[in-house]
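>>> Model the structure of this input:
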Amino acid sequence: MNDSVTEPVGGLRTRDEDGTHRGAAPVSVLLAGGGTAGHVEPAMAVADALVALDPRVRITALGTSRGLETRLVPQRGYRLELITPVPLPRKPSVDLIRLPARIWRAVRQTRAVLDDVGADVVVGFGGYVALPAYLAARGLPGRWRRVPVVIHEANASAGLANRVGARSARRVLSAVPECGLRGADVVGVPVRPAIAGLDRAALRTTARAHFGFPDDARVLLVFGGSQGAASINRAVAAAAAALAAAGVAVLHAYGPKNSLHLRTPRDGDPPYLAVPYLDRMDLAYAAADLAICRAGAMTVAEVSAVGLPAIYVPLPIGNGEQRLNALPVVNAGGGLLIADADLTPDVVATQVGELFSDPARLAAMTAAAARAGHRDAARQVAQIALDIARTAGNGQPGARRRGGA
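Presented below is the predicted three-dimensional model:
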C-alpha cells in the first residue's frame, strides 16, 4: 500500500506521512488583482518579476469575466482562472442582502483553484477578486490548509478588500505611507519591465523620431489615462497657440471616446501631435520633458518611475484619493498639483511656459521625480512572495496540512 499523498494538478509534489518532501517543486503563486487596470497591471508586473527571479515559478491569475484581466492576462501569457465577481454595494440594496451568498460561492470557487494549482502564496492587489482570495486562503480548521497572503495596496486610501485581508496577511505592502493599513511597508507600485527599465535619456532621440519631433524639441506629453480626460483635453487644446508661441511641441493622447478641437497650425509652429491612444507609452515618456496628466496610482507610479516631471490634475470625484497619490512626488519636488477646476488654458500656458523657460528648475524637478519613483517595486513584491512561499510549509513549497489549519 502506498502511504504517500500526491498533490493535485499544479503541484507535482509528493509527501510522506511524516511530512517530508521528495524532490524540489516549483513555487506556485496565485495573483488576485482583477477588475480595473489599476489592479491588473501591478499584478502582471509582479508576475513578470517573479519569472525573472525564478523561471520555474508557476503563476495563476484570479479574475472574473467582467474585468480587464480576461484580455490582459492571456496577452501576457499567464494562466487565468475565473470566479464569481463580488462587487461590494456602497449603499443598502437588494444586492447587499445577496452579498453573503455571493461571497461564499466565490470563496468556494477560489479554494478549488488554490487546491488545483497547489498555491504556496496568494498575492492580492484589491478589487473584486481579492476578498474571496483572502478569505479562501485562511482555510478551514480540520479540513483545509492555510495559504500565506501578501497584500499590496496601490492607492493612498486602502479599499475594503485589502483592509479585511490585511488582518491576517503575512506581509502588507503599499505604494505610499499612511494608506490606512497598519504595518504596511512602502515599496511603491509595481510597473511593467518596459517602464521600470526605461532609460529616457538613451531613448530620447529614437522616441522623438518615432513621433516626428525634432531632436532638440521641448516636448509636453498630455494624457488622461486610457480613456482620456475631457477637462484636460479642453484646457490644453485651447492653450495650443500660447504653447506654440513658447516653442513647446505637444504629444496629446486625448482618449478613444473623446474628440479634440485644435486650431489650424501656423507655419513654423512646433508640432502638435494629437492621437486617441498611445500604445507605446515607453516612447512617449522618453520623448517628453514634462507631462500633464491625472493622478491615478498607476499613472503616478509610471511617471515618477521614469523620472518625468509632471503637472498632476487629480480627478475631481471620489474621496480625493488621486491628490493623495500625487502628494509624495509633489512634496519631493518632482511635480505640481493643479485642481481640475483651476486648469484653464491660461494656467496651462503659464505653468508650462514658466517651466520650459527655466531649464534649471525643470532639471531639478526631473531629478526629484526620479528619486521619488520606485523602479524596483515589482521585484520587491515578487521577492517577498517567493521568500514567504518557500518558508511557509516546513521550508518546502506546496506543503499541505490536510489534518489542520
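>>> Residue 240 is in contact with residue 262, isn't it?
Yes - applying CB atoms under 8 Å as the test, residue 240 and residue 262 come out as touching, 5.8 Å apart. In this view, the C-beta of every residue, glycine as well, is placed from N, C-alpha and C.
>>> how close does the closest residue to residue 64 other than its chain neighbours sit to residue 109?
Leaving aside its sequence neighbours, residue 64 sits nearest to residue 85 (CB to CB, 6 or more residues apart in numbering; 3.9 Å). With distances taken as CB to CB, to the nearest Å, residue 85 is found 11 Å from residue 109.
>>> Which of the helices or strands spans residue 41?
Element membership for residue 41 (DSSP states H and E) is helix 37-53.
>>> helices or strands up against the very next helix or strand once past that helix?
Later in the chain than helix 37-53, the nearest helix or strand by DSSP H and E is strand 58-63. Identification of packing neighbours for strand 58-63 by 3 or more CB pairs under 8 Å, 6 or more residues apart in numbering; DSSP states H and E yields strand 28-32, helix 37-53, helix 69-76, strand 79-82, helix 94-117.
>>> Pick the most deeply packed of those.
Highest mean neighbour count among the helices and strands packed on strand 58-63 (mean count of other CB atoms under 10 Å): strand 28-32, with a mean of 29.
>>> now that one: how far from the chain's centre is it?
Distance of strand 28-32 from its chain centroid, counting by CA atoms, centre = their mean, to the nearest Å, is 16 Å.
>>> Report all helices and strands that that strand contacts.
On a contact count with 3+ CB pairs under 8 Å, 6+ apart, strand 28-32 meets helix 37-53, strand 58-63, helix 94-117, strand 121-124, helix 130-138, helix 377-392.
>>> That strand pairs with which strands, parallel or anti?
The pairing partners recorded for strand 28-32 under DSSP bridges are strand 58-63 (parallel), strand 121-124 (parallel).
>>> Only alpha carbons, please: show that strand as PDB.
Extracted in PDB, the C-alpha atoms of strand 28-32 (Å, rounded to 0.1, in the frame of the first residue of the first chain):
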ATOM      1  CA  SER A  28       3.000  28.200  -7.200                       C
ATOM      2  CA  VAL A  29       1.800  31.800  -6.900                       C
ATOM      3  CA  LEU A  30      -1.800  32.900  -7.100                       C
ATOM      4  CA  LEU A  31      -2.200  36.600  -8.100                       C
ATOM      5  CA  ALA A  32      -5.600  38.200  -7.100                       C
END
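>>> contact partners of it?
10-11, 43, 46-47, 50, 57-62, 113-114, 117-125, 127, 129-130, 132-134, 147, 385-386, 389, 397-398 (CB atoms under 8 Å, 6 or more residues apart in numbering).
>>> Recalculate using a threshold of 6 Å.
With contacts defined as CB atoms under 6 Å, 6 or more residues apart in numbering, strand 28-32 is touched by 10, 43, 58-62, 117-124, 129-130, 133, 385.
>>> mean confidence score for that strand?
Strand 28-32 carries an average pLDDT of 97.
>>> Pull the distance from stretch 305-320 to the chain's centre.
The answer for stretch 305-320 is 14 Å, by CA atoms, centre = their mean.
>>> buried residues in it?
When burial is assessed from 16 or more other CB atoms under 10 Å, stretch 305-320 yields the following buried residues: 305, 306, 307, 308, 309, 310, 311, 312, 313, 314, 315.
>>> thought the fourth one was touching residue 291?
Yes - counting by CB atoms under 6 Å, residue 308 sits close enough to residue 291 to count as a contact (5.5 Å).
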